[in-house]
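Q: Show me the folded form of this:
(2 chains)
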There are 2 protein chains.
Amino acid sequence: MISRLPICLLALGAAAAWAAEPLRGTGDLGLVIERARGSVQVIETSTDTALGTVEGLGDLSHASAVFSRDQRFAYVFGRDGGLSKVDLLTRTLTARVVQAGNSIGGAISQDGRLVAVSNYEPGGVRVFDAATLAQVADIPAAYGEGPDAGKLSKVIGLVDAPGQRFVFSLWDAGEIWVADLSDPTRPQVRRFKDIGRQPYDALITPDGRYYIAGLFGEDGLALLDLWDLDAGVRRILPSYGQGGNKLPVYKMPHLDGWAIAGDRAFVPAVGAHQVLVIDTRTWAEVGRIEVLGQPVFVRVRPDGRQVWVNFALPDNGQVQVIDTKDLRIVQTLNPGPGVLHLEFEPKGGAVWVSVRDADRVEVYDTATFARTATVPADKPSGIFLTDRAGRIGL
Amino acid sequence: MISRLPICLLALGAAAAWAAEPLRGTGDLGLVIERARGSVQVIETSTDTALGTVEGLGDLSHASAVFSRDQRFAYVFGRDGGLSKVDLLTRTLTARVVQAGNSIGGAISQDGRLVAVSNYEPGGVRVFDAATLAQVADIPAAYGEGPDAGKLSKVIGLVDAPGQRFVFSLWDAGEIWVADLSDPTRPQVRRFKDIGRQPYDALITPDGRYYIAGLFGEDGLALLDLWDLDAGVRRILPSYGQGGNKLPVYKMPHLDGWAIAGDRAFVPAVGAHQVLVIDTRTWAEVGRIEVLGQPVFVRVRPDGRQVWVNFALPDNGQVQVIDTKDLRIVQTLNPGPGVLHLEFEPKGGAVWVSVRDADRVEVYDTATFARTATVPADKPSGIFLTDRAGRIGL
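A: A predicted model of the protein is given here:
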């Protein structure tokens, strides 16, 4: 028996070492969408390294993610209707459902118990238990009257809102719906009709008060004050849009590309090389800043002092930084070909930048503009940091 | 050998189970100061339970905490000058230094690498490596000229600010200092003199732009715009204060008891049963709300729609909730004797309330005002949730 003891002890030690995943916090984690491979890379922002890749997430050519309230899990929404739950600590795919034919995004409820997905096909929103991904509710985006009754609209612009609600827009119907999921088995839906033609994207302000939808079919945006639903939807920035020129939808600005900083919003112009400055008390335009290309994302540093801007082709290798106090450009950077997304660390000292066509993600110091790290990634697009777990609408 | 195998396997299994601390995220953690025992209780907000207690933190009769950027560690600042690093995942005291004779609070730098402590004795700020608690800098709060030169002032109101800075006030000197710790071995300090008599507390706005110090020795507050240091310190709310009546310092409102929500601040009145409403664009008072007692903490729900207020004796068993849209009280609660602190979960759906003299912490649903959980605690005072890790000034 003595000769078995050392073997047993060795085996015990090995088992203990293998079983004990090194403990770490989750506040400094994030994920990078690897859009061509259908995988996500888990990164950490304390020493700027990649921790591992999780594969098998389907079609991530257009994808986004939200985080569980404890920041351990990411819910990744893929274009193919896939909803994937990823464990950031073990870098494994915990659960996955292909819940629709074609999907454009999702959100997590205020209390973290529900994950909602906005679908094109079939048009509507489906709601899932965040722990198990079991479906708990289905909200078909049915609209129309008479012979048109019961048609289903594509759903876009899904966000979470305070009060255990989800807010979203119907592209085909021109409507905004507010769904209260306090009882997940019985969603209470309030419908706002005739809000404008073809809402194509939307955002919610960081305080969770204003829902703003961009319109493809006409100029201006639709605004809903969630503190005053009875006031209905109103049109703001009436000249924001394409004017006479019809652009393809994909060239319309992402509304999550808006940067809300205090009482100002910084907004990509439509079809112009400008960033608009909007007063969020009046929703009137109060200025324009000339930039080097057509802005795609305009993202604000958490302290509100800078906005960083990336661009559409042919300028998608560059980034510009605007000082919000002086309303002028203070830096132009050249990270590399295909800058698809920018994400700030929560206190704003650094920003992560995806450079798709150079297969890397770069980290910049926002004070000095020095590039402080490079992390290899396969065709990276969206970057999402876990601090979003505590933020309304993200 | 066959008969030893099952024993070996059992032992392997046991070792693996013991060695493998269950993995969890850190986004839903927090700690409760147990002020009489010198301990902290680690709690989680997903199912509202206590995970364990960490003892040996010295004198916590006045204590506060900040979090590491990954949310794994808390740095607890105690009245006795103790600086304790607590591992929230293992519930152990990782490191502790008694770094001064008497201390009132601390902060963590923007990049999370430095922890600063504000000291009464000796007067000044000491800066420590966040990983090891090794001291890296000492900033004596020396003031005065001629025969008074070199006296050390008590330091209060220490906060972190963007740009790797710390800002703090000197009680004896009537000064505000801004220290840049970009090179931790050579702090760059800018001193603002004659800012007002006896600053006793301070805050920084959530965007990290405005530093505001309350004055004990005269009426009004001192404001410094960190985006425009050359403009110097100016006096705001000139009538805010004690007027002719001299109150003890401990009866002056905590400035971290202010609630900044968008373009308004909700502020405890001095020596009156009122909450003041301040316009943060002009820093002028724009309203007052009558409450049931002398407010201590006025804390805003993350979406800005409510502020919750606790009170000084003899009303410290009650809490009131103000609706910020209608500027009226919508609820009065009676959690129990000795409500010392209130802390919202990051999306605002729930709030944690310490009830010191009933040895418990309570959780309330902020929509329904129902008490949803009770967690036993020993003489609980401050409650701090890990979401603070990603917030400037917290």
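Q: Residue A:48: what's it in contact with?
A: Under the criterion of Cβ atoms under 8 Å, 6 or more residues apart in numbering or on different chains, the neighbours of residue A:48 are A:363, A:372, A:373, A:375. The C-beta positions use only the backbone N, C-alpha and C, and glycine is treated the same way.
Q: Could you pull up the residues touching the residue nearest to residue A:136 when sequence neighbours are not counted?
A: The spatially closest residue to residue A:136, leaving aside those adjacent along the chain, is residue A:184, at 4.6 Å (Cβ to Cβ, 6 or more residues apart in numbering or on different chains). Shown here is residue A:184, whose contacts under the criterion Cβ under 8 Å, 6+ apart are A:113, A:114, A:127, A:136, A:137.
Q: try 6 Å
A: Residue A:184 is in contact with A:114, A:136, A:137, counting by Cβ atoms under 6 Å, 6 or more residues apart in numbering or on different chains.
Q: after the strand or helix carrying the second one comes which helix or strand?
A: Residue A:136 belongs to strand A:135-140 when elements are defined using DSSP states H and E. The element immediately downstream of strand A:135-140 (helix or strand, assigned by DSSP H and E) is strand A:142-143.
Q: returning to that earlier point: pick the one among the contacts of residue A:48 closest to chain B.
A: Closest approach to chain B among these (Cβ to the nearest Cβ): residue A:372, at 10.7 Å.
Q: Am I right that that closest one is in a helix?
A: No - Residue A:372: not assigned to a helix; according to DSSP: H, G, I helix; E, B strand; the rest coil it is strand.
Q: give the contact list for it.
A: A:363, A:365.
Q: Filter the contacts of residue A:48 down to the buried ones.
A: A:363, A:373, A:375 (16 or more other Cβ atoms under 10 Å in any protein chain shown).
Q: picking that back up, just give me how far the strand holding residue A:136 sits from the chain centre.
A: Chain-centre distance of strand A:135-140: 22 Å, with Cα atoms, centre = their mean, to the nearest Å.
Q: can I get the buried ones among the contacts of residue A:48 in JSON lines with distance to residue A:298 and pLDDT?
A: Below are these laid out as JSON lines (distance: Cβ to Cβ, whole Å; pLDDT from 0 to 100):
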{"residue": "A:363", "distance to residue A:298": "20", "pLDDT": "98"}
{"residue": "A:373", "distance to residue A:298": "24", "pLDDT": "98"}
{"residue": "A:375", "distance to residue A:298": "24", "pLDDT": "98"}
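Q: re earlier: what helices or strands is the strand holding residue A:136 leaning on?
A: With contacts defined as 3 or more Cβ pairs under 6 Å, 6 or more residues apart in numbering or on different chains; DSSP states H and E, the packing partners of strand A:135-140 are strand A:124-129.
Q: near chain B, which residues of the stretch 151-300 of chain A?
A: Applying Cβ under 6 Å from any Cβ of the partner chain, we find that the stretch 151-300 of chain A lies next to chain B at A:162, A:207, A:208, A:227, A:263.
Q: quick one: which of these is most hemmed in?
A: Among these, residue A:208 has the most neighbours (other Cβ atoms under 10 Å in any protein chain shown), with 26 neighbours.
Q: Could I get the contacting residues of that residue?
A: Residue A:208 is in contact with A:161, A:162, A:392, B:303, counting by Cβ under 6 Å, 6+ apart.
Q: What backbone torsions are found at it?
A: phi 70, psi 20 (degrees, to the nearest 10).
Q: what's the closest non-adjacent residue to it?
A: Computed as Cβ to Cβ, 6+ apart, the closest residue to residue A:208 that is not its neighbour in sequence is residue A:392, at 4.0 Å.
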